[in-house]
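Q: I would like the atomic coordinates for the input below:
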Amino acid sequence: MKKLLIGIGILSVLTTGFVAMNTYRRVPNNSFGPGEHLEYRVHYGFINAAEAVVDVSPTLYKVNDRPCYRVNVDGRTVGAFDLVTRIRDTWRSYIDTSAILPQKFYTSLQENKYRKEENITFNHETNTVKAEERTEKDVFKVPDNVHDLISGYYFLRTIDFNKLSSGQIIEVPAFYDDTIYNMKVRYRGKDVVKAKAGKINVIKLNPVLPSNQLFKDEEAIRIFVSDDANKVPIKVEVDFFVGSMVMDLKQNSGLKQPLKFY
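A: This is a model prediction of the structure:
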């Protein structure tokens, strides 16, 4: 009887551990993988204002005992615009390969005299987020399957937009700068846009914005992603109260499949 009870106890522990290990969701991903490289050029009116590079590391990283993609986003102002507003920003996300959820998020911002550097750790089993440089008291409670700013975008790339109706809104919880956001993106159907390499079929998306003093309206940002398995942003248009900005894909490599221009 004693051995039986011990056996049941061991089985219970193992079963509990098994359940805990499988609390993560599984998200099918045929859109991106290691080695993806994207380069963008940003224009403010007629001015060549900035450049951005988005890289998925060729190798996987283990974070919180989970295999992860490491995604780097680097943005910088260039040319005459750099003399007025100097920006050197880096965001880095370690994204769980099976759940498409962030395990760590790193921010390094250099915007004129402003400086910020922070490492955020996500615990999806306890639904908490903590900045490494802070005390244990600075732990934030977050919703299930919460994202950072980068992982939220990569999660959107796994969605089958063919199953959505035009006007339908996708909602994704996200955590940034000690705040929980309900990221909303409206699907606006399909279109064709002209890019540097030619015309390409795209999916139209509008991030839904709250009332603010920067953007014209709640649909001031228009994102055009390739209508294929990649779902790569080809063009982004932004309307400010003063002026407008356009971001275009300049170069790409390491995609799941080649982009089809015509």
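
Q: what segments of the stretch 101-250 of the chain are helices?
A: 149-156 (DSSP state H, counting those that start in this stretch).

Q: what stretches of it score poorly on pLDDT?
A: Along the stretch 101-250 of the chain, the model assigns pLDDT under 70 to residues 134-137, 210-214, 216-218.

Q: quick one, strands of it?
A: Using DSSP state E, counting those that start in this stretch, the strands found in the stretch 101-250 of the chain span residues 102-111, 114-123, 128-131, 139-141, 169-176, 179-195, 198-207, 221-226, 233-239, 244-253.

Q: pull the distance from the last one to the chain's centre.
A: To tie it back to what came earlier, the one meant is strand 244-253. 17 Å (C-alpha atoms, centre = their mean, to the nearest Å).

Q: tell me what it is packed against?
A: With contacts defined as 3 or more C-beta pairs under 8 Å, 6 or more residues apart in numbering; DSSP states H and E, strand 244-253 has these neighbours: strand 37-44, strand 233-239. Every residue, glycine included, has its C-beta placed from N, CA and C.

Q: the same query, at a cut-off of 10 Å, please.
A: Packing partners of strand 244-253 (3 or more C-beta pairs under 10 Å, 6 or more residues apart in numbering; DSSP states H and E): strand 37-44, strand 47-56, strand 179-195, strand 221-226, strand 233-239.

Q: right, so the ones you listed: which one is the most enclosed?
A: Mean neighbour count (mean count of other C-beta atoms under 10 Å) peaks for strand 221-226 among the helices and strands packed on strand 244-253, with a mean of 22.

Q: so what's the closest residue to residue 140 other than its chain neighbours bridging to?
A: For residue 140, ignoring the flanking residues on the chain, the nearest one in space by C-beta to C-beta, 6 or more residues apart in numbering is residue 129 at 4.7 Å. When bridges are called by DSSP bridges, residue 129 pairs up with residue 122, residue 140.

Q: start the count at 137, not 1, going forward
A: Shifting the count to begin at 137 puts that one at residue 265.

Q: contacting residues around residue 265?
A: Counting by C-beta atoms under 10 Å, 6 or more residues apart in numbering, residue 265 makes contact with 238, 241, 256-259, 274-278, 282, 284, 311-312, 314, 316.

Q: so how far is residue 197 from the residue nearest to residue 371 when sequence neighbours are not counted?
A: Among residues not flanking residue 371 along the chain, residue 360 sits closest, at 4.6 Å (C-beta to C-beta, 6+ apart). According to C-beta to C-beta, to the nearest Å, residue 360 stands 31 Å off from residue 197.
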